[in-house]
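Asker: sequence and predicted structure are below.
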Amino acid sequence: MAPQQSVMYKIQEADGSLSQHYGPLPTHLVPIDTGLRTAASMVVTPATSDASQEDPSEGFGPSKLGVRTTVDEPLSASQAIEVLQAGNRRFVQGDVKAGGLGPDKRRALASHGQRPVATVIGCADSRCPVEQLFDARPGDLFVLRNAGNTCTHAEGSMVGSVEYSVAVLETKMILVLGHTGCGAIMGATKLFLERSAKKYIEATCQKDAQKSTDQGCCKSKSSLLGLLDALVPVAERACVSLGGGSSTEEIAAHAVKVNVWRTINFLLSYSRIIREKVASGELELQGAIYNMSSGAVEFLGKSPKQAQLLNYDGHVVPSMGGLARQLS
Ligand SMILES: [Zn+2]
């Protein structure tokens, strides 16, 4: 094994517990067991307590300068997932390692560019701060957030930003992260149920339009309503798959998962760059759901529709309309 090769390894503490790390093996540790499941894994135990030789990558992937920059190699998708999972475990356990950056690390980030471990599309909900829940530092994650972690239009900035992270920053993992108790999904669910009960907003618009021909309420529809409107198919799919008799809360909870797949499916459909990299095995898109109560992130894996969508050879279609319904 080359001295600087990055591997997953575990450290056995004095009390016998194991903690997982990634990066070049620290020289002050000695192996005690190499019989783990993967060839890249080893169990090591501290031979000294020399803090001056601490692995600078401890906490979030390998980083030669103490933070991840372009002098570091991109992480593979599987390595990225391991790092994200380890970071979330630290967050749940309250054993976070990401802290503030000193001047040297800030200068390193400013001077050497970024090499984030993964791209994460999360919800704008203030209770779901992506970096914190993965115990990440500046430079570790390329994060995109909006209400509902959605990507309903190809011509918006979301797809272009993801393509930038993949093509320029060389992230190999795109994680779409939904969360429990999502207000945007709940809003869309209520909108769907209102429409199902024949309480359509359009009906109100028509009534108002009759009262005032020069200022119908359709003209004053908010962008928020447009966002919720675009999420209604998610609630519809969740309602159908659950069957009758489900409560609003149950539908919304399932819609969170449906929405994660939908965002992944949109990205695969909208972006030829993403499709080609996924098809070649260079890139992975995976889903996950953050549980606000426990703090734990449930990793869902790849979209069930991935194989089907990789065969899609169409061009980007702005404001998808019919295709959007097919994909939801
Ligand atoms: Zn949300």
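Answerer: All right, it came through fine.

Asker: count the neighbours of E249 for me.
Answerer: For E249, the neighbour count with other CB atoms under 10 Å is 11. Where you see a C-beta, it was placed from the backbone N, CA and C, and this is true even at glycine.

Asker: and the ion, is the helix or strand hosting it touching that?
Answerer: Using DSSP states H and E, the element containing E249 is helix 248-270. No - counting by CB under 5 Å from the ion, the ion has no neighbours in helix 248-270; the shortest distance is 8.1 Å.

Asker: can I get that helix in PDB, CA atoms only?
Answerer: Only the C-alpha atoms of helix 248-270 are listed here, as PDB (Å, rounded to 0.1, in the frame of the first residue of the first chain):
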ATOM      1  CA  THR A 248     -53.100  14.500   5.500                       C
ATOM      2  CA  GLU A 249     -50.000  13.900   7.700                       C
ATOM      3  CA  GLU A 250     -49.500  10.300   6.400                       C
ATOM      4  CA  ILE A 251     -49.800  11.500   2.700                       C
ATOM      5  CA  ALA A 252     -47.300  14.300   3.300                       C
ATOM      6  CA  ALA A 253     -44.900  12.000   5.100                       C
ATOM      7  CA  HIS A 254     -44.900   9.600   2.200                       C
ATOM      8  CA  ALA A 255     -44.700  12.500  -0.300                       C
ATOM      9  CA  VAL A 256     -41.400  13.500   1.200                       C
ATOM     10  CA  LYS A 257     -39.900  10.200  -0.200                       C
ATOM     11  CA  VAL A 258     -41.700  10.500  -3.500                       C
ATOM     12  CA  ASN A 259     -40.400  14.000  -3.900                       C
ATOM     13  CA  VAL A 260     -36.800  12.800  -3.300                       C
ATOM     14  CA  TRP A 261     -37.100  10.400  -6.200                       C
ATOM     15  CA  ARG A 262     -38.800  13.000  -8.300                       C
ATOM     16  CA  THR A 263     -36.000  15.400  -7.900                       C
ATOM     17  CA  ILE A 264     -33.500  12.800  -8.800                       C
ATOM     18  CA  ASN A 265     -35.500  11.700 -11.800                       C
ATOM     19  CA  PHE A 266     -35.800  15.300 -13.000                       C
ATOM     20  CA  LEU A 267     -32.000  15.800 -12.800                       C
ATOM     21  CA  LEU A 268     -31.500  12.600 -14.800                       C
ATOM     22  CA  SER A 269     -34.000  13.800 -17.400                       C
ATOM     23  CA  TYR A 270     -32.900  17.400 -17.700                       C
END
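
Asker: please identify the buried residues of it?
Answerer: Under the neighbour-count criterion of 16 or more other CB atoms under 10 Å, helix 248-270 has 251-270 buried.

Asker: and that helix, what other elements does it pack with?
Answerer: Secondary-structure packing of helix 248-270 (3 or more CB pairs under 8 Å, 6 or more residues apart in numbering; DSSP states H and E): helix 157-167, strand 173-179, helix 183-196, helix 223-242, helix 272-279, strand 284-290, helix 306-310, helix 322-327.

Asker: for the record, mean pLDDT for stretch 117-135?
Answerer: For stretch 117-135, mean pLDDT rounds to 97.

Asker: can you give me the end-to-end span of that stretch?
Answerer: One end of stretch 117-135 sits 12 Å from the other (CA to CA, to the nearest Å).

Asker: same deal with stretch 172-185?
Answerer: Terminal residues of stretch 172-185 lie 28 Å apart, using CA to CA.

Asker: can you pull the contacts of the residue of the stretch 1-150 of the chain found nearest the ion?
Answerer: The stretch 1-150 of the chain approaches the ion most closely through C123 (3.2 Å), counting by CB to the ion. Contacts for C123 (CB atoms under 8 Å, 6 or more residues apart in numbering) come out as R145, N146, A147, G148, N149, L177, G178, H179, C182, A184.
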